[in-house]
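sequence-free structure coming up:
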């Protein structure tokens with residue numbers, strides 16, 4: 001058996017290279033796991049926005065997942081942009097068929113520029129079919145509001161939203177705080193079905209170089225779960241990874257530029273453990 005954990009990403013392709021499949025593969029590589037992938041859609045996009053989306057057929061997604069399932073030992077997987085209800089259903093069918101566990105669901109809905117990345121009817125498919133298989137769901141605040149049908153304005157409503165996500169069958173959820181109102185810190189709130197909860201707090205970085213942060217975070221969580229880390233440990237590393245990626249910006253493109261996926265590993269090599277993450281709870 002291979003000594004390197006094998007991880008799967010099921011997501012869309014980003015021609016700009018900052019998000020989606022491209023971000024996931026970069027993250028997996030940097031964190032020392034082997035990446036397999038199934039592309040659900042091809043997007044024409046750059047840092048300024050999404051110009052076009054070309055979804056794969058259900059059969060194309062099935063063929064990719066079947067090929068992976070027959071030959072690779074998938075230790076963890078993450079889902080990103082799934083776009084349609086039929087692609088979600090096909091994804092779920094294959095997860096069940098191959099018994100894939102440690103499923104990280106990033107419920108990608110809206111691109112930075114406002115383009116819809118998930119059809120409205122697919123939202124119900126996510127809740128009904130995909131979330132019951134999820135080990136960790138990683139919505140940002142707008143995504144959590146869309147899933148739960150409620151506004152998140154404070155710590156109380158944030159916890160209620162996390163509880164609502166768990167009611168759909170997910171094992172745990174982490175509501176990311178990048179869209180939070182606090183100008184000084186960003187908080188990610190984690191809740192497990194046992195009631196265990198944590199807050200992961202970092203200093204807020206004022207930057208426009210944020211394209212692909214959600215994809216990258218979820219991919220980092222999946223990579224660490226594949227190595228056998230606990231959810232708390234995996235999220236801690238993912239927070240460190242994304243904080244480094246945001247701090248050491250690449251300044252590529254004229255819009256929302258991509259994060260620097262190489263920054264975390266470079267920091268470790270230089271003796272910087274990237275410990276700027278406070279864990280509360």
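Cool, the structure landed. Every value quoted in this text rests on a predicted model; they were computed, and no experiment measured them.

any buried residues in the strand ranked longest in the chain, and which?
Ranked by number of residues, the top strand in the chain under DSSP state E is strand 34-46. Neighbour-count burial for strand 34-46 flags 34-43, 45-46 (criterion: 16 or more other CB atoms under 10 Å). (Each C-beta comes from the backbone N, C-alpha and C, glycine too.)

need those in JSON lines (columns: distance to residue 22 and pLDDT).
Formatted as JSON lines, these follow (distance: CB to CB, whole Å; pLDDT from 0 to 100):
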{"residue": "34", "distance to residue 22": "16", "pLDDT": "98"}
{"residue": "35", "distance to residue 22": "11", "pLDDT": "98"}
{"residue": "36", "distance to residue 22": "14", "pLDDT": "98"}
{"residue": "37", "distance to residue 22": "10", "pLDDT": "98"}
{"residue": "38", "distance to residue 22": "14", "pLDDT": "98"}
{"residue": "39", "distance to residue 22": "10", "pLDDT": "98"}
{"residue": "40", "distance to residue 22": "14", "pLDDT": "97"}
{"residue": "41", "distance to residue 22": "13", "pLDDT": "96"}
{"residue": "42", "distance to residue 22": "12", "pLDDT": "97"}
{"residue": "43", "distance to residue 22": "11", "pLDDT": "96"}
{"residue": "45", "distance to residue 22": "11", "pLDDT": "95"}
{"residue": "46", "distance to residue 22": "12", "pLDDT": "96"}
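
give me the below-cutoff pLDDT ranges for the protein.
Applying pLDDT under 70 to the chain flags the ranges 1, 111-116, 273-275.

which helix runs longest in it?
In the chain, taking DSSP state H as the definition, the longest helix is helix 231-247.

pull the residues that contact it.
The contact list for helix 231-247, computed with CB atoms under 8 Å, 6 or more residues apart in numbering, reads 27, 30-31, 135-136, 172, 174, 188, 190, 192, 198, 200, 202, 205, 207, 209-210, 213, 216-218, 220-225, 229, 259-261, 263-264, 267, 273-277, 279.

filter those residues to the buried ones?
Among those, the ones that count as buried by 16+ other CB under 10 Å are 27, 30-31, 135-136, 172, 174, 188, 190, 192, 198, 200, 202, 209-210, 213, 216-218, 220-225, 229, 259-261, 263-264, 267, 274, 277.

in strands only, show me those.
Mapping those onto strands (DSSP E) picks out 136, 172, 174, 188, 190, 192, 198, 200, 202.

ok, back up a step: check which residues of the next helix or strand after the longest strand of the chain are buried.
Helices and strands here follow DSSP states H and E; after strand 34-46, the next one along the chain is strand 49-55. Applying a neighbour-count criterion of 16+ other CB under 10 Å, one finds 50, 53, 55 buried in strand 49-55.

now the residues you listed as a markdown table including distance to residue 66?
Converted to a markdown table, those look like this (distance: CB to CB, whole Å):
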| residue | distance to residue 66 |
| --- | --- |
| 50 | 29 |
| 53 | 24 |
| 55 | 18 |
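
keep only those of the buried ones among the contacts of helix 231-247 that are in helices.
Counting by DSSP H, the buried ones among the contacts of helix 231-247 place 27, 30, 213, 216-218, 220-225, 263-264, 267 in helices.

relative to residue 82, which of these is nearest.
For those, the closest approach to residue 82 (CB to CB) belongs to residue 218, at 12.8 Å.
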